[in-house]
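**Q** Could you look at this predicted model? Sequence included:
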Amino acid sequence: MSTQTPHLTEEQIWNALRQVMDPEIPVVSLVELGVVRSVETDGQRVTVTMTPTFSGCPALIVMQQLVADKVKELGAAEVDVKMVLDPPWSSDWITPEAREKLRAFGLAPPPVHGGDLQIKLNPRVTCPRCGSDNVTIKNRFGSTLCRAIYYCNDCQDAFEQFKPL
C-alpha cells in the first residue's frame, strides 16, 4: 500500500522558507532579504526561484541546498531551486523587519534608494551602535562583496554596512 503525502501549498512553503537563514548573516532569512523571489508548486514538485545579492556570492550553493532541504522536510518529492539574475537583486527588497535585525546585529542596513543612483553611490550611513552619521568609510569591501567597512567618529567603533544595490 502506498502512502501519499498531501499536496503542499505555497503558503506552507513560504512559511518554511522564512526559517532558512542567510549563511553569512544568520539573523535574517533569505525571504526577509528578498533573495527568495517566488514559489510554485505542482503537487509534490516545488520550484523555488532565488536571486542572489551578487552573482558571484560564495554562499550560493549553500543557500540552494538549505532551501531544497527545507522544502523536502515538508514532504516534497522533487525540489528545483532556480537562480535567476534578471531582474538583479536590489537591497530595496530587504524587509523593514530585516533592516532592524541587521542594525541590531551591528550591520548598518542599506538605505532604500528606489533606483536613485545618487543614493546608491553616496549612501547616508548611520552607525548601527550609536546612531551617529559622523562616519568615515575605511574600505569599500568588507568581509563579503555586499558589505563596506566604516568607522564611527563618535563612538569610535568600526562596523560594516550592507551596500545599497
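**A** Sure thing, it's come through. Numbers count the residues shown, from 1 in each chain.
**Q** which residues touch stretch 52-68?
**A** 17, 20, 22-24, 30, 33, 35-36, 48, 50, 79, 81, 83, 85, 89, 91, 144-146, 165 (C-beta atoms under 8 Å, 6 or more residues apart in numbering). Heads up, the C-betas are built off the backbone N, CA and C, glycines and all.
**Q** cool, and stretch 158-165?
**A** Contact partners of stretch 158-165, identified using C-beta under 8 Å, 6+ apart, comprise 53, 88-91, 94, 102, 106-111, 113, 119-120, 123, 125, 127-129, 138, 142-143, 146-152.
**Q** one step back: which among the contacts of stretch 52-68 count as buried?
**A** Neighbour-count burial (16 or more other C-beta atoms under 10 Å) is assigned, among these, to 17, 20, 22-24, 30, 33, 35-36, 48, 50, 79, 81, 83, 89, 91, 144, 146, 165.
**Q** Isn't residue 21 up against residue 31?
**A** No. With contact defined as C-beta atoms under 8 Å, residue 21 does not reach residue 31; the gap is 9.9 Å.
**Q** And those two? Which one has more around it.
**A** Summary of the neighbour comparison: residue 21 and residue 31, criterion other C-beta atoms under 10 Å, with residue 31 having more neighbours (22 against 17).
**Q** mind checking the SS state of the more buried one?
**A** Secondary structure of residue 31, reduced to three states by DSSP: H, G, I helix; E, B strand; the rest coil: coil.
**Q** which ones are touching it?
**A** With contacts defined as C-beta under 8 Å, 6+ apart, the neighbours of residue 31 are 14, 17-18, 20.
**Q** ok, now residue 85?
**A** Listed by C-beta under 8 Å, 6+ apart, the contact set of residue 85 reads 51-52, 55.
**Q** That one and residue 29, how far apart?
**A** Relative to residue 29, residue 85 is positioned 21 Å away (C-beta to C-beta, to the nearest Å).
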